[in-house]
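Asks: please find the sequence and the predicted model below.
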2 protein chains.
Amino acid sequence: MVTIKDIAREVGVSPSTVSRALSGSPLISDETGERVRMAAQRLGYERNELARALVKGSSEAIGLIVPDITNTFFADIARGVGEVAHAAGYGVILCNTIGSIDREASYISLLRRKQVDGLVLATATLNDPSTRSLSQTETPFILVSRICRDVDTSYVIGNDRAGARLAVEHLIELGHRKIGFIGGPANVQSSRDRRATYRKVLRQHGLSADDAWVCYADFTQAAGREAGRRILSLENRPTAIFAANDVTALGVLEAADELDLSVPEDLSLVGYDDISYASLPRIQLTTVAQPTFKMGKIATEWLLSVLGKEDTLPLYRVLEPHLVVRSTTARPG
Amino acid sequence: MVTIKDIAREVGVSPSTVSRALSGSPLISDETGERVRMAAQRLGYERNELARALVKGSSEAIGLIVPDITNTFFADIARGVGEVAHAAGYGVILCNTIGSIDREASYISLLRRKQVDGLVLATATLNDPSTRSLSQTETPFILVSRICRDVDTSYVIGNDRAGARLAVEHLIELGHRKIGFIGGPANVQSSRDRRATYRKVLRQHGLSADDAWVCYADFTQAAGREAGRRILSLENRPTAIFAANDVTALGVLEAADELDLSVPEDLSLVGYDDISYASLPRIQLTTVAQPTFKMGKIATEWLLSVLGKEDTLPLYRVLEPHLVVRSTTARPG
DNA sequence: TTGTATGCGTTATCAG
DNA sequence: CTGATAACGCATACAA
């Protein structure tokens, strides 16, 4: 590894001069600056960011923690985070917890020890010990898509109540009276909001749901399929299902197929997120669209904006969703 | 930030003793070790991995560069890399180049400056200057899913010739004589291999392809859709298309739908990769399956195994694909 | 078993 | 404008 010392020796100046020249300090003569840069180029010098970070107290890197990178919803968020970070010269360390709360804690610890300047979390749960303890530290962070109710933190989320209302009212307007709900994890706020709104909207329209039509899953296709199979096998099955995210809805689609139920003839189905696969011709999933990429961008913009600042304003951003009606919903019967 | 000095002061020992106790050195009395660990716990000490890496010359982090994290093919590779890295206590810095060769270079430079111990590249192209220059450095790296022909490097890839043969022969066996091909980028080896094999197999069966049926795209859904639209609008259009990856195939599916062509009645379609969405009931894409997750794992296992070693054996691993016949292929007419 | 001294590669402070 | 010196937080060779 070639260091500034090597360059210093080569050029015949001191290491400090090299450091200054390379970081574009104004108090360097044009000539020395040029000679140093030439030598650096020639020797193939690459700055050791570790050493630099150690003395500057900033690593110019942020951490991003997601529960499932193979869900394009999170991949899109990651893309948004990456775009903004890259544009600002920041690196991003992406960690995938595959839904494990232990891994989340372990990754947060790792990232903090690696001295990341800030954190974007897409893994928060209701009583998330990780989020809570993180809020006691100096490390700035922001939650995206999921919030932690009892801790005051910055966040960028979608309006889940509004989105769920759009979904359920759409089904009711089509004439459905028997509407089921397959949620995400019980400890995820958006999951609860969508479910609470589902119940509320039903009530407001004088409808009620059989308890057997309502369940939590875990936002994966496999869980959606299993839950769908259970609910759709009931003697008294719903004519419509609101799935708490698209991946779950795709699982329900699988279940419907296995049970020889046609969508939307025998079953109307609404998802949530509008991931890219939802718009495929064969899928044409009716869903509630969220500005996923934008959520990642906004979160990261805020995070970068507060770095190094002393006291800063938190960001509480709620983005509005919209309904995208495609071909998985129709009048019942 | 609490450092080993703070602990040393608290316990009344020297910083070196603290360092030793915390890294589980055997030459420390049980009692001192315990006192130090207690104090560390009490003060909320977290080791500064930057400082540690600086002196140890190893950051215990690897870099992963992918062209498109929203393609579940790469997300799956990333998952494999993450699993192995996490199990070994390594962090992984994931960078998304969105297909830009400049970004690839920029990320490689960034990662090297951040002193990653090694690199996994899923972005290699045929004459990739980044890969070539990387091979001149000390940083160990391995290519996954894509290789760079003129540089001798370790890699883990699928057998693209075998896979393409499976796909094309399947179509021929079904009775198709007019078979089109929509490839990936022209500068990606697997893309070329699949295309070359496509031509070869046709020839071996006494078939030929209209030039208008063959084109390169860029492995995205949008490009697949556009290419599909073009080819399927031809007066003399093929009865079957082999798409060089699933995402492209899904785009072709869109195009077929827009042109009111039924699959598989009017068009048979084969993809490549077997991403999770390919098996959805509404999709049921016939495709060539690759062990994606495993590729990420194997690459990372090798990478971690060579870290720190002096001279090590390269890994040239070619995994065999298999054909998964679903519902997008049928006899023509 | 513990402490002292030194260095990892860089930046910052303070003289000159 | 430039150079010596110290410091960032940690690990380790060498002494004790």
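Replies: Structure received. On a predicted model such as this, the values are computed, not experimentally measured, just so you know.
Asks: which residues of the stretch 1-150 of chain A lie near chain B?
Replies: A:1, A:46-51, A:53-54, A:59, A:61, A:69-70, A:72, A:75-76, A:78-79, A:82, A:86, A:91-96, A:98, A:103, A:109-115, A:138 (CB under 8 Å from any CB of the partner chain). Where C-beta positions appear, they are placed from N, C-alpha and C, glycine not excepted.
Asks: next step: those restricted to strands.
Replies: A:61, A:91-96 (DSSP state E).
Asks: of those, closest to chain B?
Replies: Set against chain B, the nearest of those by CB to the nearest CB is A:L94 (4.0 Å).
Asks: would you confirm that that closest one contacts A:L64?
Replies: Yes. At 4.9 Å, A:L94 counts as touching A:L64 under the criterion of CB atoms under 8 Å.
Asks: distance-wise, check the residue of the stretch 51-200 of chain A found nearest DNA strand D relative to A:A167.
Replies: The nearest approach of the stretch 51-200 of chain A to DNA strand D comes at A:V55, 3.5 Å away (CB to the nearest atom of the strand). A:V55 is 53 Å from A:A167, where distance means CB to CB, to the nearest Å.
Asks: re the thing from before, looking at A:L94 and A:L64, which one has more neighbours?
Replies: Neighbour totals were compared for A:L94 and A:L64, and A:L64 leads with 32 against 26 (other CB atoms under 10 Å in any protein chain shown).
Asks: my read: the more buried one touches A:G91, true?
Replies: No. Contact between A:L64 and A:G91 fails when scored by CB under 8 Å: they sit 10.6 Å apart.
Asks: list residues touching both of A:L94 and A:L64?
Replies: When contacts are counted by CB atoms under 8 Å, 6 or more residues apart in numbering or on different chains, A:L94 and A:L64 are jointly contacted by A:A78.
Asks: follow-up on the earlier one: what's the ChimeraX line that selects buried ones from the residues of the stretch 1-150 of chain A next to chain B?
Replies: Filtering the residues of the stretch 1-150 of chain A next to chain B down to the buried ones (16 or more other CB atoms under 10 Å in any protein chain shown) takes a single ChimeraX command:
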select /A:46,47,48,49,50,51,53,54,59,61,69,70,72,75,76,78,79,82,86,91,92,93,94,95,96,103,110,111,112,114,115
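Asks: out of the residues of the stretch 1-150 of chain A next to chain B, list just those in helices.
Replies: Those of those mapping onto helices are A:49-51, A:53-54, A:72, A:75-76, A:78-79, A:82, A:86, A:103, A:109-113, per DSSP state H.
Asks: out of those residues, which touch DNA strand C?
Replies: Applying CB under 7 Å from any atom of the strand to those, one finds that A:51, A:54 fall near DNA strand C.
Asks: quick one, what contacts A:H86?
Replies: By CB under 8 Å, 6+ apart, A:H86 lies in contact with A:92, B:103, B:106.
Asks: if we can go back for a sec, look at A:V55 and A:A167 and report which has more neighbours.
Replies: Shown here are A:V55 and A:A167; by other CB under 10 Å, A:A167 has more neighbours (29 against 7).
Asks: three-state assignment of that one?
Replies: helix (DSSP: H, G, I helix; E, B strand; the rest coil).
Asks: for the residue lying closest to it once chain neighbours are set aside, the count of nearby residues, please.
Replies: Nearest non-adjacent residue to A:A167, counting by CB to CB, 6 or more residues apart in numbering or on different chains: A:V270, 4.4 Å away. Neighbour count for A:V270, taken as other CB under 10 Å: 29.
Asks: A:V270 reaches A:D246, doesn't it?
Replies: No. Between A:V270 and A:D246 there is no contact under CB under 8 Å: 9.7 Å.
Asks: who touches both of these two?
Replies: Listed as contacting both A:V270 and A:D246 by CB under 8 Å, 6+ apart are A:285, A:287.
Asks: wait, what's in contact with the closest residue to A:G91 other than its chain neighbours?
Replies: Closest residue to A:G91 apart from its sequence neighbours, by CB to CB, 6+ apart: A:A61 at 4.2 Å. A:A61 sits next to A:90-93, A:114-117, B:93, B:114 when contact means CB under 8 Å, 6+ apart.
Asks: what about A:A61, distance to DNA strand C?
Replies: 15 Å (CB to the nearest atom of the strand, to the nearest Å).
Asks: what's the pLDDT at the closest residue to DNA strand C within the stretch 101-250 of chain A?
Replies: Residue of the stretch 101-250 of chain A nearest DNA strand C, by CB to the nearest atom of the strand: A:Q115 (12.6 Å). On the pLDDT scale, A:Q115 is placed at 96.
Asks: surely it is in contact with B:E46?
Replies: No. If you go by CB under 8 Å, A:Q115 and B:E46 don't touch, sitting 9.6 Å apart.
Asks: where do the strands of the stretch 201-333 of chain A begin and end?
Replies: A:214-216, A:240-243, A:268-273, A:286-289, A:316-319, A:322-324 (DSSP state E, counting those that start in this stretch).
Asks: the fourth one - contacts with which helices or strands?
Replies: To tie it back to what came earlier, the one meant is strand A:286-289. Contacts defined by 3 or more CB pairs under 8 Å, 6 or more residues apart in numbering or on different chains; DSSP states H and E place strand A:286-289 against helix A:160-173, strand A:268-273, strand A:322-324.
Asks: ok, and which of those has the densest surroundings?
Replies: Most buried of these by mean neighbour count (mean count of other CB atoms under 10 Å in any protein chain shown) is strand A:268-273; its value is a mean of 28.
Asks: partner strands of that one and their direction?
Replies: Strand A:268-273 pairs in its sheet with strand A:240-243 (parallel), strand A:286-289 (parallel), by DSSP bridges.
Asks: need the contact partners of the first one.
Replies: I take that to be strand A:240-243. A:164, A:167-168, A:171, A:174, A:176, A:178-182, A:194, A:198, A:213, A:224, A:228, A:231, A:249, A:251-252, A:267-272, A:329, A:332.
Asks: distance of the residue of the stretch 51-200 of chain A closest to DNA strand D relative to A:A61?
Replies: A:V55 is 16 Å from A:A61, by CB to CB.
Asks: repeat that for A:Q115.
Replies: For A:Q115 relative to A:A61 (CB to CB), the value is 8 Å.
Asks: wait, A:G308 touches A:S58, no?
Replies: Yes. A:G308 lies in contact with A:S58 (CB under 8 Å); the separation is 7.1 Å.
Asks: shared neighbours, these two?
Replies: Residues touching both A:G308 and A:S58 by CB under 8 Å, 6+ apart: A:D117.
Asks: tell me who's in contact with the residue nearest to A:A167.
Replies: Contact analysis of A:V270 by CB under 8 Å, 6+ apart lists A:167, A:170-171, A:240-243, A:249, A:285-288, A:328-329.
Asks: which of those residues sits closest to B:Q41?
Replies: Distance to B:Q41, by CB to CB, is smallest for A:A243 among the contacts of A:V270, at 44.3 Å.
Asks: which residue, other than its chain neighbours, is closest to that closest one?
Replies: A:A249 (3.8 Å).
Asks: what of A:I179?
Replies: A:A240 (4.7 Å).
Asks: how near is the one you found to A:I65?
Replies: 35 Å.
Asks: equivalent analysis for A:G118, please.
Replies: Counting by CB to CB, the gap from A:G118 to A:I65 is 12 Å.
Asks: and the strand or helix carrying A:T32, what does it pack onto?
Replies: Taking DSSP states H and E as the criterion, A:T32 maps to helix A:30-43. When contacts are defined as 3+ CB pairs under 8 Å, 6+ apart, helix A:30-43 packs onto helix A:4-11, helix A:15-22.
Asks: out of those helices, which gets nearest to DNA strand D?
Replies: Taking CB to the nearest atom of the strand, helix A:15-22 is the member of the helices and strands packed on helix A:30-43 nearest to DNA strand D, at 3.3 Å.
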